[in-house]
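J.: kindly generate the corresponding structure for this input.
(one chain, ligands or ions: 1)
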Amino acid sequence: MLQQVNGHSSGSDAQGRESLREDLQEFLGGEVPLHQLDDLTKVNPVTLETVLRCLQARYTADTFYTNAGCTLVALNPFKPVPQLYSPELMREYHAAPQPQKLKPHIFTVGEQTYRNVRSLIEPVNQSIVVSGESGAGKTWTSRCLMKFYAVVAASPTSWESHKIAERIEQRILNSNPVMEAFGNACTLRNNNSSRFGKFIQLQLNSLLVPRDHQMTGAAIQTYLLEKTRVACQDSTERNFHIFYQICKGASADERLQWHLPEGAAFSWLPNPERTLEEDCFEVTREAMLHLGIDAPTQNNIFQALAGLLHLGNIRFADSGDEAQPCRPMDDGAVRTSALLLRLPEDPLLETLRIRTIRAGRQQQVFRKPCSQAECDTRRDCLAKLVYARLFDWLVSVINSSVCADPASWTTFIGLLDVYGFESFPHNSLEQLCINYANEKLQQHFVAHYLRAQQDPIPPELTRLLQQSQDTLLKVLFPADPEEKSQEEPSGQSRAPVLTVVSKFKASLEQLLQVLQATTPHYIRCIKPNSQGRAQALHREEVLNQLEACGLVETIHISAAGFPIRVSHRTFVERYASLRRLHPRAPPDPHSPSPDEGHSEGSPHAEQATLRALLQDILHTLPALEAATPAAPAGATPAPVHCGRTKVFMTDATLELLERGRAQVLEQCARCIQAGWRRHRRREQERRRRAAVCIQAAIRSWLTRKHIQRLHAAATVIKRAWRRWGIRMAFLASKELDGVEEKHSSQAPRSPSSFPPPLAQTKLLRAVTHLWPLGLVLANAAVGVHGFPRKLVVFACLQLPVGSPSGYTVQAQTAQEQAGIMSIRALPQGSIKFHCRKSPLRYADICPEPLPNSATGFNQILLERHRLGHV
Ligand SMILES: Nc1ncnc2c1ncn2[C@@H]1O[C@H](COP(=O)(O)OP(=O)(O)OP(=O)(O)O)[C@@H](O)[C@H]1O
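T.: Numbers count the residues shown, from 1 in each chain. Down below sits the predicted model:
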């Protein structure tokens with residue numbers, strides 16, 4: 001039953017029984033299934049066997065990444081798992097509040113480094129050391145990490161800067177196929193094995209948007225290209241991919257031009273019949289084009305490579321006489337090689353066969369024919385020299401294409417893809433344990449490898465290549481006198497060897513210096529089987545790798561120890577704000593201060609102050625733990641120890657501190673926001689009041705001005721109106737008087753016609769008081785006629801009845817009467833009737849009534865002589 005439950009096959013051997021016992025234990029104990037253990041530190045007990053079983057269970061469940069304390073273990077799936085590297089997943093890890101809570105992944109490491117850079121905690125720059133044996137997946141991992149940064153560190157600002165970033169990212173990704181074509185080869189262990197070490201510095205810029213770092217460029221540094229592979233390959237392996245690519249992918253024209261006929265055999269091109277997915281010439285060409293290597297330059301490069309292939313076909317036959325140079329077995333190979341490398345044929349042959357020796361004080365030159373073996377070595381050396389320079393040149397071209405201006409980047413994340421051997425940047429105590437086995441291997445490797453690389457270059461080879469007419473070779477081998485003197489140090493035969501070694505040492509030291517100034521992260525790639533088969537984990541092979549990399553020791557140290565170590569200063573700088581959460585009571589003034597006894601500013605005083613602050617911070621930990629929602633009651637306190645210069649803690653403690661810090665920062669942010677809002681509101685209110693004040697002042701000023709203008713205008717109008725009124729009154733009175741005078745001058749004057757002053761007064765009174773009655777009577781169309789009417793009128797007007805002939809009330813037609821509004825008797829004896837309409841011009845529009853005149857209506861004179869007709 002157990003076998004069915006756990007899916008293990010039965011076996012009679014001891015291993016099978018052991019396995020069964022463990023299964024039983026696991027089953028009865030109800031432990032978490034092994035494949036669900038995300039961290040190898042949780043495996044109990046931590047032994048090679050249990051770690052291996054856990055990895056195996058996870059591998060079977062298609063779970064390829066597992067944490068091992070500070071290291072991420074990556075099992076090579078040996079099959080495409082697209083959903084594991086999709087941009088969506090990259091974004092998910094990037095957006096997660098706590099990526100370490102997600103499933104272990106290289107994106108967790110990538111995101112952690114990116115966040116560390118953004119947090120600006122020293123050391124800000126980060127490095128990821130990807131290690132593992134050949135074929136374990138280091139290059140794949142580095143490539144995925146580059147893609148991850150290309151996605152998450154893309155510019156979100158302007159469209160233009162986004163495009164620039166995209167272009168740079170594309171170039172960085174394009175450098176991969178080129179580097180792999182020229183630097184990778186199919187080996188026994190890996191079809192696409194990197195034959196060089198690589199440190200990629202991804203340059204990030206935070207100048208545009210602080211705290212949002214974007215990838216602005218990259219710099220690639222390569223180490224120890226295995227150039228011997230150009231001329232010496234194992235019969236089961238292959239040369240660098242690029243040689244196969246040009247032989248298989250060249251067009252008919254190119255074949256002609258490069259002298260690569262179909263099916264041609266080259267001794268430096270073993271296993272040409274094996275076609276790999278890496279033999280993609282078009283992809284390499286396309287990528288080269290994107291990196292700025294144009295078609296003619298590419299042509300030049302491929303022609304030189306074809307020249308090297310033909311060089312490899314040159315075979316020498318022993319002359320049998322030491323004094324005679326060896327004879328080439330195939331003149332055609334020499335000719336074609338010289339043609340493609342654009343070298344003079346005879347000097348090429350001579351350089352390969354004859355050694356020049358300078359000796360004596362006068363530096364006399366001796367020419368010594370080489371043995372057949374020496375000729376072969378010189379030929380190989382020539383090829384290696386050309387290929388190594390070409391590779392370096394390519395790297396420099398890639399760098400000039402992807403490297404950002406130093407002023408445009410502030411931080412970097414370094415990806416170290418170390419091949420074949422281990423190279424951790426820090427060699428502290430646990431690294432000594434972890435890497436002990438690796439150091440042994442590395443020692444062996446370096447000793448072995450360096451011996452193979454100690455490529456003395458005969459100076460005549462360099463001189464020969466400087467004679468080439470080929471544009472590319474001229475660039476690779478400039479006739480530089482300085483270089484010449486370096487490579488030809490007047491007969492000191494060991495000097496070139498020392499130069500090569502010291503160059504490698506210097507570049508390695510430089511790399512270690514760079515790494516030591518960064519925060520390192522480790523990814524350990526494990527190869528489940530050497531055949532590259534999916535779903536197959538060979539226990540022995542994996543066990544060897546686990547042992548070699550000291551993974552169990554790493555887990556022990558991570559589980560039992562304190563993998564996080566931070567200097568006092570950094571710790572205080574980062575977590576000082578935690579004291580806000582739980583401030584301690586002020587110190588007793590009578591108790592001695594921590595720096596008492598130390599002079600101010602002295603290192604001791606500073607250390608004492610730091611320690612006091614440190615203790616304050618550490619005292620907040622229990623409260624922080626209690627505030628954690630998931631914390632079980634009575635949980636053990638977070639493990640942390642304060643050393644002499646550093647604070648030692650576990651991942652859990654770090655997480656707790658970080659959570660507390662985030663809480664404080666949030667509170668501070670809220671406080672700042674509230675303060676800012678208050679300040680902004682006050683400022684707005686102040687501005688509003690000021691605006692109202694200004695508006696009121698302007699309005700009152702405008703109103704005053706308006707009123708002043710109205711006043712001035714009114715004065716002008718008043719004056720004009722008065723003048724006009726006076727004029728109109730004058731004109732009206734003149735007009736009325738003129739008409740009257742005219743009539744009076746025409747009428748015969750008798751003494752009785754002049755009423756006495758009393759009559760005049762009465763008449764005026766009549767006009768004033770009785771005219772409405774008179775008006776009524778005068779207008780009465782019916783009832784009163786003839787004399788009675790006349791009498792009524794005269795009585796109304798109180799005119800002297802004795803002189804009725806003196807006044808006449810004219811009877812008018814009905815239409816004319818309708819227009820009469822008033823009657824006026826004038827002393828001269830005439831009566832004026834005011835009508836609605838009048839032919840008079842000025843009297844009608846006179847604004848002010850004259851004294852003794854009716855207002856508002858026209859006046860019509862009744863002529864005296866016509867009064868009799870009434
Ligand atoms: N995560 C992965 N998913 C799918 N296949 C992978 C993965 N990692 C590695 N591989 C496969 O394993 C092969 C070897 O990987 P890679 O070239 O990265 O190994 P390496 O450690 O760089 O080897 P070397 O040191 O020889 O260069 C790849 O060609 C690929 O087929």
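
J.: low-confidence bits of the stretch 401-550 of the chain, can you list those?
T.: 418-454, 456-457, 480-505, 508 (pLDDT under 70).

J.: can you give me the helices in it?
T.: 429-434, 436-453, 459-466, 471-476, 481-487, 495-516, 539-548 (DSSP state H, counting those that start in this stretch).

J.: please name the bridge partners of the residue in the stretch 451-600 of the chain that the ligand sits nearest to.
T.: Using Cβ to the nearest ligand atom, the closest approach of the stretch 451-600 of the chain to the ligand is made by Cys525 at 5.6 Å. All C-beta atoms are positioned from the backbone trio N, CA, C, and that covers glycine. Cys525 has these beta-bridge partners by DSSP bridges: Ala74, Gly132.

J.: wait, isn't it in contact with Thr71?
T.: No - contact criterion Cβ atoms under 8 Å: Cys525 and Thr71 do not qualify, at 10.8 Å.

J.: circling back to that earlier point, who's in contact with the residue of the stretch 451-600 of the chain closest to the ligand?
T.: Counting by Cβ atoms under 8 Å, 6 or more residues apart in numbering, Cys525 makes contact with Ala74, Asn76, Val130, Ser131, Gly132, Glu133, Ala136, Gly137, Lys138, Thr141.

J.: any chance of a markdown table for the residues you listed, columns distance to Thr703?
T.: Formatted as a markdown table, the contacts of Cys525 follow (distance: Cβ to Cβ, whole Å):
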| residue | distance to Thr703 |
| --- | --- |
| Ala74 | 82 |
| Asn76 | 87 |
| Val130 | 81 |
| Ser131 | 85 |
| Gly132 | 87 |
| Glu133 | 92 |
| Ala136 | 88 |
| Gly137 | 85 |
| Lys138 | 84 |
| Thr141 | 80 |
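
J.: which of these has the most neighbours?
T.: In terms of neighbour count, Lys138 stands highest of the contacts of Cys525 at 29 neighbours, by other Cβ atoms under 10 Å.

J.: and the residue lying closest to Asn76 once chain neighbours are set aside, what pLDDT?
T.: The shortest distance from Asn76 to any non-neighbouring residue, by Cβ to Cβ, 6 or more residues apart in numbering, is to Gly137 (4.1 Å). We have a pLDDT of 91 for Gly137.

J.: again, but for Asp651
T.: 71.

J.: over to Thr187?
T.: So Thr187 comes in at 84 (pLDDT).

J.: three-state assignment of it?
T.: Per DSSP: H, G, I helix; E, B strand; the rest coil, the local secondary structure of Thr187 is coil.

J.: list phi and psi for it.
T.: phi -110, psi -180 (degrees, to the nearest 10).

J.: so who does it touch?
T.: Thr187 neighbours (Cβ under 8 Å, 6+ apart): Ser134, Gly135, Ser193, Asp234, Glu237, Arg238.

J.: any idea what the third one is bridged to?
T.: Going back to what we said before, that points to Ser193. Ala185.

J.: return the distance of it relative to Gly263.
T.: Remark: distance between Ser193 and Gly263 (Cβ to Cβ, to the nearest Å) = 27 Å.

J.: near Ala691, how many other residues are there?
T.: 10.

J.: that one - that's part of a helix, no?
T.: Yes - Ala691 sits within a helix when classified using three-state DSSP.

J.: now do the buried residues in stretch 335-350.
T.: The neighbour-count check on stretch 335-350 (16 or more other Cβ atoms under 10 Å) flags Arg335, Thr336, Ser337, Ala338, Leu340, Leu341, Arg342, Leu343, Leu348, Leu349, Glu350 as buried.

J.: which element is the first one on?
T.: Using DSSP states H and E, Arg335 sits within helix 331-341.

J.: list the contacts of that helix.
T.: 258-259, 303-304, 306-308, 310-311, 313-315, 328, 343-345, 348-349, 386, 468, 470, 473.

J.: picking up where we left off before, pLDDT check: weakest of the contacts of Cys525?
T.: Glu133 (81).

J.: residue contacts, that residue?
T.: Applying Cβ under 8 Å, 6+ apart, the residues near Glu133 are Arg189, Gly420, Cys525, Lys527, Gln545, Ala548.
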